[in-house]
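Participant: Quick one, fold the following:
(one chain, ligands or ions: 1)
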Amino acid sequence: MKHVRVAVVGAGVVGLSTAVCIAEALPHCSVTLLAEKFSPDTTSDGAAGILWPVTLPDIPLERQRSWLKDSFDHLLAIAQSQHSPEAGVMLSSGWTIFKEVPANKKPHFSDLVIGFRNMTDNEMKRFPDHKFGHAFTTLKCECSSYLLWLEKRFRKAGGQVEKRKVNSLQELSNSYDIIVNCSGLGSKTLVGDSEVYPVRGQVLKVEAPWLKHFIRDGDGKTYIYPGIHSVTIGGTRQEDDWRLEVDKGDTQGILERCSQLEPSLSKAKVLSEWVGLRPSRKCPRVEREVVRLQGRSVPVVHNYGHGAWGVTLAWGTAQDALGLVRNASMK
Ligand SMILES: Cc1cc2nc3c(=O)[nH]c(=O)nc-3n(C[C@H](O)[C@H](O)[C@H](O)COP(=O)(O)OP(=O)(O)OC[C@H]3O[C@@H](n4cnc5c(N)ncnc54)[C@H](O)[C@@H]3O)c2cc1C
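Facilitator: Model prediction:
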């Protein structure tokens, strides 16, 4: 089989997951990961890191269920292995609570997470402003640990790493046979996708080791996610807001909203504040196109636009991207 040179652009959770999948599954490919920023400086580093069983409006249900299932099974296997502490992946149980009873009390993902059930009246008593809730177990990553662990796994599979900004795909056309674009928000300029936009998110890490269960308001704006070293509380969703500075008003709002759900948070010490820009799009773009670069037709596999769900979907969309790279590499 001919030797194929693959470039993966992007070292967030999507790029690293995709690079690992390709490097491990396709021995006839040499894989180089190129990125302007690596951990701890990517958006993925600051993500709250929970695998949240989301429903995407514009992706066929079967496809999104397979993304979720692949990601869930992958992270569950890590959480239940000896790699769990180094990779920073743990099981996480808790509640999502709703102010109004949702039309569909049993969402499609109820069989993908562990132990899905509706909350009992007794459990709901502590949330007097909410009428209904789901209880289940999912997974949570300490993202910086997870990214470093993925990078280590990628290097072990023979992958090469290069810190570099790619200004145009043209730059890569002589050195690579296939380009995999996992540049997140960078795709706005790198491939001129005007559908990509930022959704600003601010979160805090607090010291509250007594908290073990996640609590998330069904509107997605307020959440409390206990992790291995701290508890992440949030958040904000500010569309088309490019500000990367911490907003003290947002910090205050997060503390107030989260303390309403979990009063003991008023005793928690704030360890850090962080802002990131979610690489949002109507739906993630996971597809192959052939681009004319320097007179050559080069397959470009896109895998970006995961918005608020990059940790949730990365391994699943990486499997699809792997399939697209496999096909392109056989031609
Ligand atoms: C506050 C907050 C909380 C979140 N919580 C969660 C959560 O709990 N669960 C969840 O699933 N998701 C969560 N997310 C969303 C998640 O962070 C993103 O979906 C995810 O990080 C996207 O990963 P990515 O690899 O596509 O992008 P990024 O992490 O942004 O990585 C992009 C990479 O591409 C590189 N790049 C871009 N352009 C170029 C270029 N031209 N040349 C070279 N390199 C380039 C960058 O340097 C970087 O390495 C959260 C996001 C925020 C902001």
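
Participant: who's in contact with the residue of the stretch 1-150 of the chain found nearest the ligand?
Facilitator: Closest contact between the stretch 1-150 of the chain and the ligand, by CB to the nearest ligand atom, is at Gly12 (2.2 Å). Glycine gets a C-beta too; all of them are placed from N, C-alpha and C. The contact partners of Gly12, taken as CB atoms under 8 Å, 6 or more residues apart in numbering, are 35, 42-44, 147, 182, 184, 310.

Participant: now do Thr120
Facilitator: Listed by CB under 8 Å, 6+ apart, Thr120 has no contact partners.

Participant: hang on, the earlier thing: and which of the contacts of Gly12 is nearest to Ser84?
Facilitator: Lowest distance from Ser84 to those (CB to CB) belongs to Leu147, with 15.5 Å.

Participant: so which strand or helix has the closest one?
Facilitator: Element membership for Leu147, per DSSP states H and E: helix 143-156.

Participant: Pull out the CA atoms of that helix and give them to me as CSV.
Facilitator: What follows is helix 143-156 as a C-alpha-only set of coordinates in CSV (Å, rounded to 0.1, in the frame of the first residue of the first chain):
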residue,chain,number,x,y,z
CYS,A,143,-9.4,18.8,29.9
SER,A,144,-5.8,19.8,30.2
SER,A,145,-4.9,16.4,31.6
TYR,A,146,-6.9,14.7,28.9
LEU,A,147,-5.3,16.7,26.1
LEU,A,148,-1.8,15.9,27.3
TRP,A,149,-2.7,12.3,27.6
LEU,A,150,-4.1,12.3,24.0
GLU,A,151,-0.9,14.0,22.7
LYS,A,152,1.2,11.3,24.4
ARG,A,153,-0.9,8.6,22.9
PHE,A,154,-0.6,10.2,19.5
ARG,A,155,3.2,10.4,19.7
LYS,A,156,3.3,6.8,20.9
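
Participant: let's have the chain start at 3 instead
Facilitator: Yep, numbering from 3; the last one is helix 145-158 now.

Participant: what does it contact?
Facilitator: When contacts are defined by CB under 8 Å, 6+ apart, helix 145-158 is touched by residues 13-15, 18-19, 21-22, 25-26, 33, 35, 40-42, 44, 46-49, 51, 85, 88-91, 163, 313.

Participant: tell me the mean pLDDT over it?
Facilitator: Regarding helix 145-158, the rounded mean pLDDT is 98.

Participant: Run the chain-centre distance for that helix.
Facilitator: 14 Å (CA atoms, centre = their mean, to the nearest Å).

Participant: So for that helix, what gets flagged as buried?
Facilitator: Of the residues in helix 145-158, 145-153, 155-156 count as buried by neighbour count, 16 or more other CB atoms under 10 Å.

Participant: Quick one: name the residues of the stretch 203-333 of the chain near the ligand.
Facilitator: 203, 205, 236-237, 278, 280-281, 306, 308-314 (CB under 6 Å from any ligand atom).

Participant: make that the stretch 53-202 of the chain, sorry
Facilitator: Residues of the stretch 53-202 of the chain lying near the ligand (CB under 6 Å from any ligand atom): 54, 167-168, 184-188, 192.

Participant: mind listing the helices in the stretch 153-302 of the chain by residue range?
Facilitator: Using DSSP state H, counting those that start in this stretch, the helices of the stretch 153-302 of the chain run over residues 189-192, 250-263.

Participant: most packed of those helices?
Facilitator: helix 189-192 (a mean of 18; mean count of other CB atoms under 10 Å).

Participant: what helices or strands is that one leaning on?
Facilitator: In terms of contacts (3 or more CB pairs under 8 Å, 6 or more residues apart in numbering; DSSP states H and E), helix 189-192 is not packed against any helix or strand.

Participant: Now find how far off-centre that helix is within its chain.
Facilitator: 19 Å.

Participant: Convert the C-alpha atoms of stretch 204-224 to PDB, please.
Facilitator: Provided in PDB are the C-alpha atoms of stretch 204-224 (Å, rounded to 0.1, in the frame of the first residue of the first chain):
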ATOM      1  CA  GLN A 204     -17.100  32.100  31.200                       C
ATOM      2  CA  VAL A 205     -16.600  29.600  34.000                       C
ATOM      3  CA  LEU A 206     -15.100  29.500  37.400                       C
ATOM      4  CA  LYS A 207     -13.200  26.800  39.200                       C
ATOM      5  CA  VAL A 208     -14.000  26.700  42.900                       C
ATOM      6  CA  GLU A 209     -12.800  24.600  45.900                       C
ATOM      7  CA  ALA A 210     -15.700  22.700  47.200                       C
ATOM      8  CA  PRO A 211     -14.600  19.100  47.700                       C
ATOM      9  CA  TRP A 212     -17.900  18.200  49.500                       C
ATOM     10  CA  LEU A 213     -19.800  18.500  46.200                       C
ATOM     11  CA  LYS A 214     -19.900  15.200  44.300                       C
ATOM     12  CA  HIS A 215     -23.000  15.500  42.100                       C
ATOM     13  CA  PHE A 216     -23.400  17.700  39.000                       C
ATOM     14  CA  ILE A 217     -26.400  20.000  38.800                       C
ATOM     15  CA  ARG A 218     -27.400  21.600  35.500                       C
ATOM     16  CA  ASP A 219     -30.300  23.800  34.800                       C
ATOM     17  CA  GLY A 220     -32.100  22.600  31.700                       C
ATOM     18  CA  ASP A 221     -31.700  26.000  30.100                       C
ATOM     19  CA  GLY A 222     -28.000  25.200  29.900                       C
ATOM     20  CA  LYS A 223     -27.000  28.600  31.400                       C
ATOM     21  CA  THR A 224     -26.300  27.500  35.000                       C
END
